[in-house]
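Novice: only geometry, no sequence info:
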């Protein structure tokens, strides 16, 4: 059963909603915002916007959605022990159906917390594809590519990537296939070169973990005599298609190289804190270099939530704390990381509420204690709101949640609980 | 109109609730938990506990409740500009009625996010008293004492403290009057000495800002030739009644002195990050010294939320990040900071669900995506839950919220919006 189809409607009128500092109407037709503040008085679906604010929905620029199944599984352990005794052995048992269920739970959590796009890297791609398609949101999906410097494994992985791309490139207008080489310490130079070529040929984005830990940088210097971004630049891996995640440990020279190549960088503050990566994301340096910067939650094993409200607050506060400067970043800038910057990076014509843009937006309940008083909507959204404040989630012109209810929520929650418990006992 | 009285009931049976790893019943009579897992089958109020977990409610150990009125007012400004152009001029205009409304909004936000006790320091004490009394939660309330080293002002302040104590000491069983000297840089040695004596004579707690910034420590060394805790120890200010908030900049010797005097220390991670105090709270050092450690949100001007779920996540993650160690603190330890440790510090016989304890507890909705799967309830509560997960809030044996509804919520939200807008325009 799929909420998006049954609740779908080809025109929506949101009446008397707070937007851009005033009360107005927003009219949506098919997948687009057609008219703001216009004379339209009728539509197939009419939403009472009173006591609500319209804001663009969020773009979660780096996650591993199906890892919802691992939420709270082995927290607070040393990193290596956690990976070796908890995550890796359990991941090895995952099936496509498990991934479908985990990703669908992730979609539910995202819809309920106002996110309508996520950038994903995980196993069993088809499981995530099915989940996103049914849930009605958008995603950039990639299979994890790890060859462990083994040429045979590399061939298998390339074959898989090519096959999946051919098979799924037109699966849904809301889903783009991207490439997911994991990191420099798990993927060979040859596979990275091949990935860059394949991406260029097919105009695909590349989703990558870059300079998350100091160890990664130190090992790279030891192995290649240069830092990770220098290594990637030398092999021709950097381009405007490159989405670099975490990217905490960057030198000035590396930031210049990233900027020269017009890459996108994704900040993952919660995960960086929970996994103790040892430094904070250099937002101001990256911004000054002109880079497009997005925001992502990472997967539920290292967050443990997909809530972009929490992520925005962590992003703002870690920036201020790290730089020892309360003016280091503003609520508005953080909000942009979570919306318009994500839309730009992932080539979705949304991230802002404007006529002719895709109708990806939220109605936020203003009659909540944490949203009162309304001195500054953006400040309330970034520093005080939580997922509960989202009343209505619209993606691609379809109402996915209204009055905080998603049609299929109980079904997936029950199913995910069963699958997750079975998975760790299997 | 007051929810606590109309919804009150002298016996409550929570049936089939998840507690301590199993499904059980919890029976409450008057203000106490009387029976867990017993044969009781009837009560004046019966709550269906299915798909819910019972957990103790939260203790917010440091806040300025009525500052909800300033939520989002002048964020992201340099500290001094923010205080001088926004907060101080507006605070000067506050009336008792404003404080009542602001504190009542705070009580609502706390009830909706599972907090049933807060430790407060603010102006117009009677406003907060009325709000807490009506809202049905618990609080330790103090007037801010600031004499700015002026003997005349000091006399006025002492007179106010004595009068308020006499007038309000028996106002409500749920409210304790405590003393609120602001900090060493705003209160004279003489007033601090007088406060310590008055506290000892009347067995009152002292709520204090201690070593929040490096400037405070540097100025203290310059003025007194010693660090803040050394100074306070020398004037006999430290005792088991002392509640030290923030306390980020402590030397080893100061931690020893705090431990020797059996003080309570309150961690305020979100505020410390937002105001960029420059270092993190040394949880492990304070814990090893044997100190009781609590958790608090600080006021809405520097957080901007009173949500202890958010505060727990910030506490855990800043600790891991600051110490560069993912095992630095566990979810269980953070949960204790927010519950049992607060109960201990503020002499409330709650903070844990056990027979004969005060009936201060929450029912948390387990059928939420962020609470699924249930590998580890405490981990889900600390790292993934948000205020929306609280379905029912019980304090002192009274149901303050059920099915996420508080009877008087719309009234106070509308009122607070009006008061806050009027206040900044007044």
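Specialist: Looks like it came in fine. What you see is a predicted model, and the numbers here were worked out from it, not measured in a lab.
Novice: list the contacts of the residue in the stretch 101-250 of chain A that chain B sits nearest to.
Specialist: Using CB to the nearest CB, the closest approach of the stretch 101-250 of chain A to chain B is made by residue A:109 at 3.7 Å. (Each C-beta comes from the backbone N, C-alpha and C, glycine too.) By CB atoms under 8 Å, 6 or more residues apart in numbering or on different chains, the contact list for residue A:109 reads A:68, A:305, A:306, A:307, B:369, B:370.
Novice: contacting residues around stretch A:168-179?
Specialist: A:119, A:125-126, A:129, A:132-133, A:136-142, A:145, A:161, A:164-165, A:195, A:198-199, A:202, A:204-207, A:243, A:346-347, A:395-396.
Novice: pLDDT added to the contacts of residue A:109, as a markdown table?
Specialist: Shown next, in a markdown table, are the contacts of residue A:109 (pLDDT from 0 to 100):
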| residue | pLDDT |
| --- | --- |
| A:68 | 98 |
| A:305 | 97 |
| A:306 | 98 |
| A:307 | 97 |
| B:369 | 98 |
| B:370 | 97 |
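Novice: by neighbours, which of those wins?
Specialist: For the contacts of residue A:109, the largest number of neighbours (other CB atoms under 10 Å in any protein chain shown) sits with residue A:306, at 33 neighbours.
Novice: tell me the SS of the residue minimising distance to the centre of chain A?
Specialist: Centroid check for chain A by CA atoms, centre = their mean gives residue A:60 as the closest residue, at 2.2 Å. Under DSSP: H, G, I helix; E, B strand; the rest coil, the three-state class of residue A:60 is strand.
Novice: cool, and residue A:237?
Specialist: coil.
Novice: could you count how many residues lie near the residue nearest to it when sequence neighbours are not counted?
Specialist: Distance criterion CB to CB, 6 or more residues apart in numbering or on different chains; nearest residue to residue A:237, sequence neighbours excluded, is residue A:196 at 4.9 Å. Other residues within reach of residue A:196 by the criterion other CB under 10 Å amount to 21.
Novice: next one: phi and psi at residue A:77?
Specialist: phi -100, psi 160 (degrees, to the nearest 10).
Novice: the helix or strand where residue A:337 lies: what's the following helix or strand?
Specialist: Using DSSP states H and E, the element containing residue A:337 is helix A:331-338. Per DSSP H and E, the first helix or strand lying C-terminal to helix A:331-338 is helix A:340-345.
Novice: for that following helix, packing partners?
Specialist: In this structure, helix A:340-345 makes packing contacts with strand A:58-63, strand A:292-295, judged by 3 or more CB pairs under 8 Å, 6 or more residues apart in numbering or on different chains; DSSP states H and E.
Novice: who's in contact with the strand or helix carrying residue A:364?
Specialist: Here residue A:364 sits within strand A:361-365, counting by DSSP H and E. Strand A:361-365 is contacted by residues A:14, A:17, A:26, A:33, A:47, A:49, A:51-57, A:114, A:353, A:371, A:381, A:385, A:388-394 when judged by CB under 8 Å, 6+ apart.
Novice: check contacts around the closest residue to residue A:65 other than its chain neighbours.
Specialist: Excluding the flanking residues, the one nearest residue A:65 by CB to CB, 6+ apart is residue A:106, at 3.6 Å. Residue A:106 makes contact with A:63, A:65, A:66, A:67, A:68, A:118, A:131, A:300, A:306, B:369, according to CB under 8 Å, 6+ apart.
Novice: how close does the fourth one get to chain B?
Specialist: The gap separating residue A:67 from chain B is 11 Å, by CB to the nearest CB, to the nearest Å.
Novice: wait, residue A:328 touches residue A:287, no?
Specialist: No: the pair residue A:328 / residue A:287 is not scored as a contact, 10.4 Å apart, by CB atoms under 8 Å.
Novice: these two: which is more packed in?
Specialist: residue A:328 (19 against 15).
Novice: can you give me every residue that contacts the more buried one?
Specialist: Per CB under 8 Å, 6+ apart, neighbours of residue A:328: A:283, A:284, A:319, A:320, A:322, B:276.
Novice: repeat that for residue A:372.
Specialist: A:366, B:68, B:71, B:105, B:413, B:416, B:417, B:420.
Novice: which of those residues fall in helices?
Specialist: Among the contacts of residue A:372, the ones falling in helices (DSSP state H) are B:105, B:413, B:416, B:417, B:420.
Novice: next, find the distance separating the third one from chain A.
Specialist: Yep, that's residue B:416 we're talking about. With the distance defined as CB to the nearest CB, residue B:416 ends up 5 Å from chain A.
Novice: can I assume that residue is in contact with residue B:104?
Specialist: Yes: using CB under 8 Å, residue B:416 is in contact with residue B:104, at 7.4 Å.
Novice: residue A:162: what's it in contact with?
Specialist: Counting by CB under 8 Å, 6+ apart, residue A:162 has contacts residue A:198.
Novice: just the one 3 residues further on next, same as before
Specialist: Listed by CB under 8 Å, 6+ apart, the contact set of residue A:165 reads A:177, A:198, A:202, A:204.
Novice: count the residues that sit near the last one.
Specialist: Other residues within reach of residue A:204, judged by other CB under 10 Å, total 20.
Novice: on the three-state scheme, it is what?
Specialist: coil.
Novice: tell me the SS of the residue lying closest to residue A:57 once chain neighbours are set aside?
Specialist: In this structure, residue A:57 finds its nearest non-sequential neighbour in residue A:116, 4.0 Å apart by CB to CB, 6+ apart. Here residue A:116 is recorded as strand under three-state DSSP.
Novice: just give me the neighbour total for residue A:116.
Specialist: Residue A:116, neighbours per other CB under 10 Å, totals 31.
Novice: can you pull the domain assignment for chain A?
Specialist: As given by automatic domain parsing, the domain ranges for chain A are A:11-56+A:352-410, A:58-345.
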